[in-house]
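Chemist: fold the following, please.
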Amino acid sequence: MRSLPAGFAVAVGLALILPLLTYFREMPLADFYGEWSSALCMALAATMLWPQLSRRSQVSGSLLLLPISIVLLIAVQFILGRYEFKMDWLLPIGYLWMLLLAILLGQHFRAAGQETEVADRLAFAIIMVAIFNAFAQVAQVTGFDASLQPFVILVSDRPVCTFFGNTGQSNQTATIAWLAVAGVLYLAGKGRVRVPFAASLAFVLMLSAALTASRMAWLICFFVAFMVAASRLTLGPQSAIQNRLASALTLPLGFLLATLLIAEALQLLEVPCATAAGRLADARDGGVLIRLELWRQAIMVWLTHPWIGGGAGSFFGAAYRLQPLGAHEPLDSYAHSLPMQLLAEFGLIGLGVVALLLFLSLYPAIRRWSQLSSVDGLMFSWIGVLGIHSMLEFPLWYVHFLMFFGLALGLLVRSDANGLQISVPMRTAVTTVACVALIGNVGLFLDYRKLEHTVFLVNLELQNNVSSPRLDAAIESAGREVVVFDFIATHALGLRVPISKEDLEKKTRDAERIFHRAPSAENVGRLVLLKAMAGDFGWVREQLARMTMFFPTGNDGILARIRKRAVERPADFGNLAKLIDEAEANAPPRRWH
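Modeler: Presented below is the predicted three-dimensional model:
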């Protein structure tokens with residue numbers, strides 16, 4: 001059996017860590033370069049395997065159908081006219097294409113008997129990622145993030161507790177830390193890492209997870225502890241059940257100690273941040289209630305298109321428009337739960353097909369639980385950690401998490417134990433998918449550069465309050481050249497259109513397109529001004545009432561800014577200022593902050 005090419009291991013490692021090394025996180029898409037570089041590295045890694053790929057391999061048909069079925073559903077939605085912008089269907093297809101590539105690679109490694117070598121390398125890679133992110137957290141909490149620019153995201157200038165390292169999100173940091181803890185336990189169980197060092201390293205990673213104050217980290221902790229007790233993912237001799245039980249008990253106790261130590265450290269540093277335990281005990285913390293409301297909104301959106309959903313990216317606009325008046329509500333572009341997101345945007349068919357295919361893929365492995373190897377235990381642990389995160393957040397909307405998930409699935413599932421087994425020309429399939437991915441990445445990069453150029457020109461015009469026929473022509477030409485990111489380009493171009501009665505009908509129609517896709521405070525406010533100018537005060541009254549439900553009121557809110565403009569131009573906006581005062585007076589009480 002041939003060893004993996006060294007370049008492959010390097011490329012896969014870069015695919016995992018580059019999203020944390022992308023420091024130029026500026027608009028229009030803060031995560032673009034991190035995700036793009038991750039996808040590019042994975043596609044390059046796949047091309048390096050070409051000499052080792054078998055001409056034909058048996059693979060799990062249910063796994064391959066997982067991304068393919070969603071792509072087919074997107075095609076049906078497209079035919080039915082569910083997509084206004086190309087970005088909403090092209091980007092999800094790109095993500096699913098990378099998932100297909102990761103699954104194919106995982107299935108190749110499983111069929112070629114290379115799952116152990118790949119698992120070892122993935123474990124070392126995710127541990128390095130977690131250690132790097134923990135270093136960034138230490139720099140942030142001690143105030144050295146400013147000195148370490150641009151290697152650590154600057155948070156010391158923010159008045160909130162955001163010690164998440166370079167992920168920018170507490171649950172993502174906790175997930176990475178616990179993925180790495182599972183990797184440490186796996187490597188220690190195989191004797192690749194000495195037990196005392198492994199225990200110390202696992203505790204450092206627990207400190208990283210505790211510093212995020214993520215409540216979800218406790219769910220993951222108990223899941224990993226269960227996997228240690230119930231599978232061969234363990235410290236010490238794999239055959240000793242008492243060793244596994246002791247290790248399983250050590251995890252929650254160790255995490256509790258890590259949480260207490262972090263609380264003491266923050267107090268010594270005079271940093272007034274709550275721990276996960278403190279947040280669980282705080283009845284005023286609205287995190288749980290907000291998620292429940294978002295899930296209720298997802299069900300509400302699903303009921304409008306129960307079978308195939310409203311289309312990828314439709315949750316945001318539909319949740320805003322459909323919510324009944326009268327109560328303070330959260331508003332987000334995601335339902336903060338992958339199953340709920342699938343239900344809302346892809347309907348009962350989409351969620352049902354994904355659930356069925358996952359069950360068909362994983363059930364044979366669950367049936368042979370007692371025969372699972374340490375590699376199987378690690379893959380189950382990683383899939384479970386990402387699964388828990390997906391129940392409460394949206395990690396698989398990030399390509400590096402999605403590809404990691406796909407690799408773990410492909411490495412775990414044995415095609416010979418799967419009822420839906422198909423023969424695939426592996427060399428042709430992987431090469432084709434990887435080459436298309438490379439071409440797509442190049443095209444995506446060029447399109448994003450055009451988008452950046454468009455946004456730069458628009459900002460140049462708005463911030464400097466300058467305009468000329470030459471600049472107008474340049475902006476319009478740049479905007480027309482953007483293909484994939486057409487929604488963001490359309491939104492940017494809309495910001496430069498003056499709110500006046502000239503071409504009012506066209507301006508309103510364009511603003512409505514943006515409003516239906518992304519009803520942010522600024523987008524809704526702009527449309528309210530245009531509708532008021534057109535005299536449609538019935539619509540304006542309803543939207544003002546809706547805005548008090550979703551957006552902050554007060555002197556710094558969007559309503560205050562709209563009111564200021566209405567007072568300055570009463571001839572254009574009529575009694576809009578009075579309507580805003582009435583809406584704010586009748587605003588529902590805030591349920592959280």
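
Chemist: any idea which helix or strand comes after the helix or strand bottoming out on mean pLDDT in the chain?
Modeler: Here the helix or strand of the chain ranked lowest by mean pLDDT, DSSP states H and E is helix 276-281, holding a mean of 62. Downstream of helix 276-281, the next assigned helix or strand under DSSP states H and E is helix 287-302.

Chemist: in that following helix, what counts as buried?
Modeler: 290, 291, 293, 294, 295, 297, 298, 301, 302 (16 or more other CB atoms under 10 Å). For the C-beta atoms, the positions are set from N, CA and C on the backbone; glycine is no exception.

Chemist: you'd agree the second one is up against residue 334?
Modeler: I take that to be residue 291. No. Between residue 291 and residue 334 there is no contact under CB atoms under 8 Å: 10.7 Å.

Chemist: quick one on the thing from earlier: okay, the buried residues of helix 287-302 in TSV with distance to residue 217 and pLDDT next?
Modeler: TSV is the format used below for the buried residues of helix 287-302 (distance: CB to CB, whole Å; pLDDT from 0 to 100):
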residue	distance to residue 217	pLDDT
290	18	87
291	16	89
293	23	92
294	20	93
295	21	94
297	26	94
298	24	96
301	29	96
302	29	96
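
Chemist: got these as JSON lines, with distance to residue 487 columns?
Modeler: Shown next, in JSON lines, are those (distance: CB to CB, whole Å):
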{"residue": "290", "distance to residue 487": "26"}
{"residue": "291", "distance to residue 487": "26"}
{"residue": "293", "distance to residue 487": "26"}
{"residue": "294", "distance to residue 487": "22"}
{"residue": "295", "distance to residue 487": "25"}
{"residue": "297", "distance to residue 487": "21"}
{"residue": "298", "distance to residue 487": "21"}
{"residue": "301", "distance to residue 487": "19"}
{"residue": "302", "distance to residue 487": "23"}
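
Chemist: which among those gets closest to residue 482?
Modeler: Nearest to residue 482 among the buried residues of helix 287-302: residue 301, at 28.0 Å, using CB to CB.

Chemist: I figured that closest one was touching residue 344, is that so?
Modeler: Yes. Under the criterion of CB under 8 Å, residue 301 makes contact with residue 344 at 4.2 Å.

Chemist: which neighbours do those two have in common?
Modeler: 310, 314, 315, 318 (CB atoms under 8 Å, 6 or more residues apart in numbering).

Chemist: how about JSON lines for the residues you listed, with secondary structure and neighbour count added?
Modeler: Below are these laid out as JSON lines (DSSP: H, G, I helix; E, B strand; the rest coil; neighbours: other CB atoms under 10 Å):
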{"residue": "310", "secondary structure": "coil", "neighbour count": "20"}
{"residue": "314", "secondary structure": "coil", "neighbour count": "23"}
{"residue": "315", "secondary structure": "helix", "neighbour count": "25"}
{"residue": "318", "secondary structure": "helix", "neighbour count": "23"}
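
Chemist: most widely separated two among these?
Modeler: 310 and 315 (7.6 Å).

Chemist: so what sits against both of those two?
Modeler: 301, 344, 345.

Chemist: what about the second one, neighbour count?
Modeler: Counted with other CB atoms under 10 Å, the burial measure for residue 344 works out to 31 neighbours.

Chemist: quick check: angle from the host helix or strand of it to helix 287-302?
Modeler: Assigned by DSSP H and E, residue 344 falls within helix 338-367. Angle between the axes of helix 338-367 and helix 287-302 is 100 degrees (criterion: axes from the mean of the first three to the mean of the last three CA atoms, to 10 degrees).

Chemist: give me the buried positions along helix 338-367.
Modeler: 338, 340-347, 350-351, 353-354, 357-358, 360-362, 364-365.

Chemist: contacts only, for the closest residue to residue 475 other than its chain neighbours.
Modeler: Leaving out its chain neighbours, the residue that sits closest to residue 475 by CB to CB, 6 or more residues apart in numbering is residue 457, at 4.7 Å. By CB under 8 Å, 6+ apart, residue 457 lies in contact with 471, 474, 475, 478.

Chemist: switch those over to TSV; also include secondary structure and neighbour count.
Modeler: Shown next, in TSV, are the contacts of residue 457 (three-state DSSP; neighbours: other CB under 10 Å):
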residue	secondary structure	neighbour count
471	helix	15
474	helix	16
475	helix	22
478	helix	21
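
Chemist: can you report how many residues lie near residue 147?
Modeler: Applying other CB under 10 Å, I find that residue 147 has 11 neighbouring residues.

Chemist: swap in residue 469?
Modeler: By other CB under 10 Å, neighbour count at residue 469 equals 7.

Chemist: measure how buried residue 151 is and give me the count.
Modeler: Neighbours around residue 151, by other CB under 10 Å: 14.

Chemist: meant to ask about residue 163, not that
Modeler: By other CB under 10 Å, the residues close to residue 163 number 25.

Chemist: any idea how far residue 128 is from it?
Modeler: 20 Å (CB to CB, to the nearest Å).

Chemist: what does residue 106 give?
Modeler: To residue 128, residue 106 is 21 Å away according to CB to CB.

Chemist: between these two, which one's more packed in?
Modeler: Using other CB under 10 Å as the criterion, residue 106 and residue 128 rank with residue 106 on top: 26 against 15.

Chemist: my guess is the more buried one meets residue 404, correct?
Modeler: No. Counting by CB under 8 Å, residue 106 sits too far from residue 404 to count as a contact (10.3 Å).

Chemist: report pLDDT for the residue nearest to residue 327 when sequence neighbours are not counted.
Modeler: Using CB to CB, 6+ apart and skipping residues adjacent in sequence, the residue nearest residue 327 is residue 588, 5.2 Å away. At residue 588, the model reports a pLDDT of 88.

Chemist: same thing with residue 144?
Modeler: In this prediction, residue 144 has a pLDDT value of 85.
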